[in-house]
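1. Need the 3D shape of this:
(one chain, ligands or ions: 1)
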Amino acid sequence: MSAAPLVRIQHLTKHFNVPGSWLARGKGKVHAVDDVSFEIFEGETLGLVGESGCGKSTLARCVVRLVEPDGGAVLFDGEDITHRSMRSLRPLRRRLQLIFQDPYASLNPRHRVSRILSAALQLRGSGGQRGEAMNELLRRVGLAHYFAESLPRELSGGQRQRVGIARALAPEPRLIVADEPVSALDVSVRAGVLNLLRRLQRELRLTMLFISHDLGVIRHVSDRIGVMYLGKLVELADADVFYDQPLHPYSEALLSAIPVPDPEARATRRQIVLKGDVPSPIAPPSGCRFHPRCAFAQSICATQEPPLRQHLPGRLAACHFPRLPESRADAT
Ligand code: SF4
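-> Alright, predicted model coming up:
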């Protein structure tokens, strides 16, 4: 991993208006993303995880400018792209590619795979060169060359997602944003697509923002993990230390819910059941947004928002009382 961040997200904010009937009742706006900052380094995969509705997909769409942020900045390769016009963004689109959750909805059902990939390979020289590049792309994603003549409906879900990945790779992007790329797939084919993404990371040194609600999935591909809760980034850490010892109580609860196949490990594992439901993003709680559900909350948590800050080398958490090794020891 190089020292230079390819992407800098600075205080990014996105609120959505809610339908008129809600507004009439004075309900305000959905706080989808609120003051989120992080960096993605060249050659790394940052996994962003959180329950559905936490704002991670909105954040991903802000990064590739499919959604206009309300505040903050998106810097790509040192350039501020936050307010670039759609026209001036066009050349940049090749360098920022998105892999969608639903491969079927993202592929034109009337176009054969060859046409879908040809469109993405537009800038790769002559027709012959594009043909060679297409065959190479199909090979890279584990599809035989004859799939070029298939229509999306003739492919399985896993094959369609491989076409979606090939299309994203075609313009040789600097950043790939993968938004829940395996969650619409059958469990039986998920592992194959995840293994493919891992192999491509290694072979092509991809830089990727990988979004998922599933910490088990994100573990397979991520160098670092970011955890979102109600529009806020609440933890950011290297993947290897995060899974062993998360600092934020919400991360700890999420991790405790991952299924454990080993019966012995399962027997000794303590699952943390969070109290209550996720609060409304229209009126998020004051202070720490997690405080109504947190087992470690104290009075300050309801009034003062904890900043995302470093508590251990390379490990950031937005918590007044992070789960540091000494605090765990005190609790036992
Ligand atoms: Fe819990 Fe307080 Fe930390 Fe929020 S700041 S996660 S309420 S301990």
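2. Up against the ligand, what does the stretch 1-150 of the chain have?
-> Where proximity means C-beta under 6 Å from any ligand atom, the stretch 1-150 of the chain presents no interface facing the ligand. Every C-beta, even on glycine, is put in place using the N, C-alpha and C of the backbone.
3. Going by proximity to the ligand, name the top residue of the stretch 1-150 of the chain.
-> Going by C-beta to the nearest ligand atom, the ligand is nearest to Gly50 of the stretch 1-150 of the chain, at 14.1 Å.
4. Could you count how many residues lie near that residue?
-> Burial measure for Gly50: 27 neighbouring residues, criterion other C-beta atoms under 10 Å.
5. now it, nearest residue through space, not along the chain?
-> Met228 (3.6 Å; C-beta to C-beta, 6 or more residues apart in numbering).
6. Which of the three states applies to that neighbour?
-> strand (DSSP: H, G, I helix; E, B strand; the rest coil).
7. With the one 5 residues further on instead?
-> Per three-state DSSP, the secondary structure class of Leu233 is strand.
8. just the helices in the protein please.
-> Here the chain has its helices, by DSSP state H, at 20-24, 56-63, 86-93, 103-106, 113-120, 127-140, 157-169, 187-204, 215-219, 239-244, 249-256, 263-268, 325-331.
9. which parts of stretch 297-317 are buried?
-> Ala297, Cys301, Glu305, Pro306, Leu308, Arg315, Leu316, Ala317 (16 or more other C-beta atoms under 10 Å).
10. separation between the first one and the ligand?
-> According to C-beta to the nearest ligand atom, to the nearest Å, Ala297 and the ligand sit 4 Å apart.
11. isn't that residue right up against His291?
-> Yes: assessed by C-beta atoms under 8 Å, Ala297 is found in contact with His291 at 4.5 Å.
12. quick revisit: any figure for the gap between the residue of the stretch 1-150 of the chain closest to the ligand and Pro279?
-> 14 Å (C-beta to C-beta, to the nearest Å).
13. What of Ser126?
-> On the measure of C-beta to C-beta, Ser126 and Pro279 end up 57 Å apart.
14. do Glu203 as well
-> 43 Å.
15. picking up where we left off before, burial count for the residue nearest to Gly50?
-> When neighbours are defined as other C-beta under 10 Å, Met228 has 22 of them.
16. quick check: domain ranges of this structure?
-> Domain ranges of the chain: 5-222, 244-332, per automatic domain parsing.
17. I'd like those domains laid out as JSON lines, including distance to Lys232 and mean pLDDT.
-> Formatted as JSON lines, these follow (distance: least, C-beta to C-beta, whole Å; pLDDT from 0 to 100):
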{"stretch": "domain 5-222", "distance to Lys232": "6", "mean pLDDT": "90"}
{"stretch": "domain 244-332", "distance to Lys232": "6", "mean pLDDT": "88"}
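18. looking at these, which is buried most?
-> Comparing those by mean neighbour count (mean count of other C-beta atoms under 10 Å), domain 5-222 comes out on top with a mean of 18.
19. can you give me the end-to-end distance of that one?
-> 16 Å (C-alpha to C-alpha, to the nearest Å).
20. chain center to it, what's the gap?
-> In this view, domain 5-222 has its centroid 9 Å away from the chain centroid, taken as C-alpha atoms, centre = their mean, to the nearest Å.
21. Can you pull the residues of the stretch 151-300 of the chain lying near the ligand?
-> So the stretch 151-300 of the chain meets the ligand at His248, Pro249, Cys288, Phe290, His291, Cys294, Phe296, Ala297 (C-beta under 6 Å from any ligand atom).
22. cutoff 8 Å now
-> Residues of the stretch 151-300 of the chain lying near the ligand by C-beta under 8 Å from any ligand atom: 234, 248-250, 287-291, 294-298, 300.
23. Pick out whichever of the residues you listed sits closest to Thr82.
-> Closest approach to Thr82 among those (C-beta to C-beta): Val234, at 23.4 Å.
24. Contact partners for the closest one?
-> Shown in contact with Val234 (C-beta atoms under 8 Å, 6 or more residues apart in numbering): Val227, Met228, His248, Tyr250, Ser251, Phe290, Leu308, Ala317, Ala318, Cys319.
25. repeat that with 6 Å
-> Residues in contact with Val234, defined by C-beta atoms under 6 Å, 6 or more residues apart in numbering, are Val227, His248, Tyr250, Ala318.
26. now swap in Ala237 and tell me
-> Per C-beta under 6 Å, 6+ apart, neighbours of Ala237: Arg315.
27. Identify the bridge partners of it.
-> As for beta bridges, Ala237 partners with Ile225 under DSSP bridges.
28. gap between it and the ligand?
-> 15 Å.
29. quick revisit: want to throw the domains of the chain into CSV with distance to Asp238?
-> Converted to CSV, the domains of the chain look like this (distance: least, C-beta to C-beta, whole Å):
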stretch, distance to Asp238
domain 5-222, 9
domain 244-332, 6
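30. Contact partners for the most centrally placed residue in the chain?
-> By C-alpha atoms, centre = their mean, the chain has its centre lying nearest to Ile211, at 2.0 Å. Taking C-beta under 6 Å, 6+ apart, we find Ile211 in contact with Leu48, Lys56, Ala60, Asp179, Glu180.
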